[in-house]
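>>> Quick one, what's the 3D model for this:
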Amino acid sequence: MDTVTQLISNTGFVNITADNIIMLIAGCIAIYLAIVKNYEPLLLLPIGFGVIVGNMPYMAGLPIGVYDSLSAGNAQNSVFSLFYWGVTAGIFPPLIFLGIGTLTDFSSLISSPKSLLLGAAAQVGIFLTYLGALALGFNHLDSASIGIIGGADGPTSIFIASILSPHLLGPIAIAAYSYMALVPVIQPPFMKILTTKKEKLIRMKAPRKVTKREKILFPIIAFIISALIAPGSITLIGMLMLGNLIKESGVTDRLSKTAGSAILDTATIILSFSVGASTQASTFVTKESLLIFGLGLASFCVATASGLIFAKIMNLFLKEKINPLIGAAGVSAVPDSARVVHHFGLHYDKNNFLLGHAMAPNVAGVIGSAIAAGVFISFFAK
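Model (predicted):
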């Protein structure tokens, strides 16, 4: 009977808590959104399953969870803790940026440099949220990490949190990826309210054709300027532009295909799953986590509104008007924000194709959020 009793006491049925059940439900919801609603399935599916795995109870001393010992020479380290080490050490986000660089076409931005202003305007949400987090009692490092959620860039959020606020990495990453997935839900109401019907119907000239030389020079010049502005952005911008240069050079097709498929997919799976598994109820179900989700949502909303409003302001000075809807694409959820803008515009004019124009502020937003993170890192990292 003692053996039976011990066996039963070691099962998850005995050790599971109400908080574990809440997190298991949250994981199932993420998987549902990924499969049924097709919301960022490449991210939400491994994150959701990671949440389930990370919240399955097990007896103390069993090396399973991401927080189990990583001490040198300890043969009992958890495999998941080794995966999570790659996240907290900042290894996977730069690899993801490398892959994104090989998949990104900066032609629309090169042909319309003024779109950089829209990408910059959308970063207002990051800095306002930083101030809001400070007002709610978070310190400077935590506030900076929380503010980056407004950029709607998961890898950047994880990268800065791993440096400035490792203890908040889980909720920050989950919030960032959640709002990336909810772009089609969050942005349309702001686009509808903050623009008039006349503005929604504005048609823009087709972007000019960009030369191969421009495409090759852009990642080199963009990196140098970004690094000089914010040295803390060197890692992310460097890997992003390296990936783009590999693609645009035309002489490294094998490297481009590997970085944009095998490396990107592997890093995405391990990072997403590890982040999900880090949301153990004991460390995740807290007041701080709820505040982070609230602040992250506010940051994303402000970023969207800022891009739309700044586009309207730009039109006051431009002879050739731009459709203000593309300002919403200034957040760096690539290419989802641009697609949302495009499909929203089609509701008002089925022949007004905004995707090419929206991609310019969208990729500018990627650069902008990485620079914003670099500014915070330069200020606060010790």
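
>>> is it true that Phe190 touches Cys301?
Yes: look at Phe190 against Cys301 with Cβ atoms under 8 Å: they come within range, at 6.8 Å. (Glycine included, C-beta is placed from N, CA and C.)

>>> Find the helix or strand that Lys192 is a member of.
helix 183-194 (DSSP states H and E).

>>> So what touches that helix?
For helix 183-194, contacts defined as Cβ atoms under 8 Å, 6 or more residues apart in numbering pick out 39, 152, 179, 297, 300-301, 304-305, 308-309, 312, 324-325, 328, 331, 333, 336-337, 340-341, 344.

>>> Could you pull out the buried residues of the longest helix seen in the chain?
As assigned by DSSP state H, the longest helix anywhere in the chain is helix 287-315. Within helix 287-315, the residues that count as buried by 16 or more other Cβ atoms under 10 Å are 288-289, 291-293, 295-312, 314-315.

>>> Repeat that for stretch 254-261.
255-256, 258-260.

>>> Which one of the residues you listed is nearest to Ala26?
Closest approach to Ala26 among the buried residues of stretch 254-261 (Cβ to Cβ): Gly260, at 31.2 Å.

>>> which stretch of helix or strand covers the nearest residue to the closest one once chain neighbours are set aside?
Once flanking residues are discounted, Gly260 sits nearest to Thr102: 3.8 Å by Cβ to Cβ, 6 or more residues apart in numbering. Thr102 belongs to helix 92-103 when assigned by DSSP H and E.

>>> List of residues touching the helix or strand following that helix?
Next along the chain after helix 92-103, taking DSSP H and E as the criterion, comes helix 107-111. For helix 107-111, contacts defined as Cβ under 8 Å, 6+ apart pick out 115-116, 207-210, 214-215, 218, 356-357, 359-360, 363-364.

>>> Report the distance from helix 107-111 to the chain centre.
Counting by Cα atoms, centre = their mean, to the nearest Å, helix 107-111 is centred 22 Å from the centre of its parent chain.

>>> pLDDT of it, averaged?
Averaging pLDDT along helix 107-111 gives 94.

>>> on that earlier part again, angle of the helix holding Lys192 against helix 287-315?
50 degrees (axes from the mean of the first three to the mean of the last three Cα atoms, to 10 degrees).

>>> where does the stretch 1-150 of the chain have low pLDDT?
Where the stretch 1-150 of the chain drops to pLDDT under 70, the residues are 1-2, 4-10, 12, 69-76.

>>> where exactly do the helices run in it?
Here the stretch 1-150 of the chain has its helices, by DSSP state H, counting those that start in this stretch, at 2-9, 12-15, 18-35, 41-54, 79-88, 92-103, 107-111, 115-121, 124-135, 140-147.

>>> buried sites along the fourth one?
If I follow you right, that is helix 41-54. 41, 43-54.

>>> Kindly report the same for the last one.
Across helix 140-147, burial judged by 16+ other Cβ under 10 Å covers 141-147.

>>> now, which of the residues you listed sits nearest Glu199?
Relative to Glu199, and with distances defined as Cβ to Cβ, the nearest of the buried residues of helix 140-147 is Gly147, at 29.0 Å.

>>> That closest one touches Leu134, doesn't it?
No: between Gly147 and Leu134 there is no contact under Cβ under 8 Å: 9.5 Å.

>>> residues in contact with the residue lying closest to Leu134 once chain neighbours are set aside?
Of all residues not flanking Leu134 in the chain, Ser143 sits nearest, at 4.8 Å (Cβ to Cβ, 6+ apart). By Cβ under 8 Å, 6+ apart, Ser143 lies in contact with 129-131, 133-134.

>>> rewinding a little: burial count for the residue nearest to Gly260?
24 (other Cβ atoms under 10 Å).

>>> Distance check, it against Ile270.
19 Å (Cβ to Cβ, to the nearest Å).

>>> on that earlier part again, out of the buried residues of stretch 254-261, flag the one nearest to Gly374.
Ala259 (21.8 Å).

>>> Let me know the pLDDT of that closest one.
96.

>>> likewise the one 3 residues further on?
Reading off the confidence values, Ala262 has pLDDT 95.

>>> Ile16: which of the buried residues of helix 41-54 is nearest?
Closest to Ile16, out of all of the buried residues of helix 41-54 and judged by Cβ to Cβ, is Ile52, at 12.3 Å.

>>> wait, what's in contact with that closest one?
24, 27-28, 276.

>>> out of the residues you listed, which are buried?
By 16+ other Cβ under 10 Å, these give 24, 27, 276 as buried.

>>> Pretty sure Ala372 sits against Leu128.
No: the criterion here is Cβ under 8 Å, and Ala372 misses it with Leu128 at 11.7 Å.

>>> who's more crowded, these two?
Ala372 (29 against 17).

>>> Give me the distance between stretch 148-168 and the centre of its chain.
8 Å.

>>> let me redo that: stretch 329-336
Distance, centroid of stretch 329-336 to centroid of chain: 9 Å (Cα atoms, centre = their mean).

>>> How about stretch 370-381?
16 Å.

>>> same thing with stretch 54-72?
That offset, for stretch 54-72, works out to 27 Å (Cα atoms, centre = their mean).

>>> now stretch 298-315
For stretch 298-315 - counting by Cα atoms, centre = their mean - the centre lies 18 Å from the chain centre.

>>> got a list of contacts for it?
114, 117-118, 121-126, 128-129, 132, 146-147, 149-152, 179, 186-187, 190-191, 194-195, 199, 321-331, 361.

>>> I'd like to know which of those are buried.
By 16+ other Cβ under 10 Å, these give 117-118, 121-126, 128-129, 132, 146-147, 149-152, 179, 186-187, 190-191, 194-195, 199, 322-331, 361 as buried.

>>> hey, where'd the helices end up in the stretch 151-300 of the chain?
Using DSSP H, counting those that start in this stretch, helices in the stretch 151-300 of the chain cover 154-164, 169-181, 183-194, 197-200, 212-229, 234-249, 253-258, 264-277, 281-284, 287-315.
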